[in-house]
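# following is a predicted model, sequence given first.
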Amino acid sequence: MARHAFTRELRLLTPAHFKNVFDNPVRAASPHLTLLAKPNELGHPRLGLAVPKKALKRAVWRNRVKRVTREAFRLKQHQLPSVDIVVIAKKGIGEVPNDELFELLDRLWRTLSRRCNESA
């Protein structure tokens, strides 16, 4: 049975990891979120989050988006290819309810997986 955890190995931790993803990424976007991905050699996906104050002023609002994104990634990680993913929140994400945010992320994970497989 697959483990559904969000351990340290599944996170982008250093600025160098983020910079690597920002250099020539595969993109999947919606009006509220942009996902950038770049293949890695680790055999599992990793997640990085960028939720700027410009998009969501209050920390509790930013934390909600990060919490929902981490949970969606945790549940979907075994269906994703070996890529480093950075999720960037845009203005207006605060008005999206949690269930719709889960659906949006699910759709974007699938798009990203398809585009990463095409580019490989």
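Nice, I can see it.
# what's the helix or strand of the chain with the lowest mean pLDDT packed up against?
Within the chain, no helix or strand scores below helix 98-119, which has a mean of 89 by mean pLDDT, DSSP states H and E. Here helix 98-119 touches strand 26-29, strand 33-39, helix 59-76, strand 83-89, going by 3 or more Cβ pairs under 8 Å, 6 or more residues apart in numbering; DSSP states H and E. For every residue, glycine as well, the C-beta is placed using N, CA and C.
# give me the low-pLDDT residue ranges for the chain?
1-2, 120 (pLDDT under 70).
# contacting residues around the most centrally placed residue in it?
The centre of the chain sits closest to Val87, judged by Cα atoms, centre = their mean, with a distance of 3.8 Å. Counting by Cβ atoms under 8 Å, 6 or more residues apart in numbering, Val87 touches Leu33, Thr34, Leu35, Leu47, Gly48, Leu49, Ala50, Thr69, Leu105.
# want to throw those residues into JSON lines with distance to Thr7 and neighbour count?
Below are those laid out as JSON lines (distance: Cβ to Cβ, whole Å; neighbours: other Cβ atoms under 10 Å):
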{"residue": "Leu33", "distance to Thr7": "23", "neighbour count": "22"}
{"residue": "Thr34", "distance to Thr7": "25", "neighbour count": "17"}
{"residue": "Leu35", "distance to Thr7": "21", "neighbour count": "23"}
{"residue": "Leu47", "distance to Thr7": "11", "neighbour count": "21"}
{"residue": "Gly48", "distance to Thr7": "15", "neighbour count": "18"}
{"residue": "Leu49", "distance to Thr7": "16", "neighbour count": "19"}
{"residue": "Ala50", "distance to Thr7": "20", "neighbour count": "15"}
{"residue": "Thr69", "distance to Thr7": "16", "neighbour count": "22"}
{"residue": "Leu105", "distance to Thr7": "19", "neighbour count": "22"}
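# the residue lying closest to Trp109 once chain neighbours are set aside: neighbouring residues, count only.
Nearest non-adjacent residue to Trp109, counting by Cβ to Cβ, 6 or more residues apart in numbering: Lys76, 5.2 Å away. Lys76 has 17 neighbouring residues, counting by other Cβ atoms under 10 Å.
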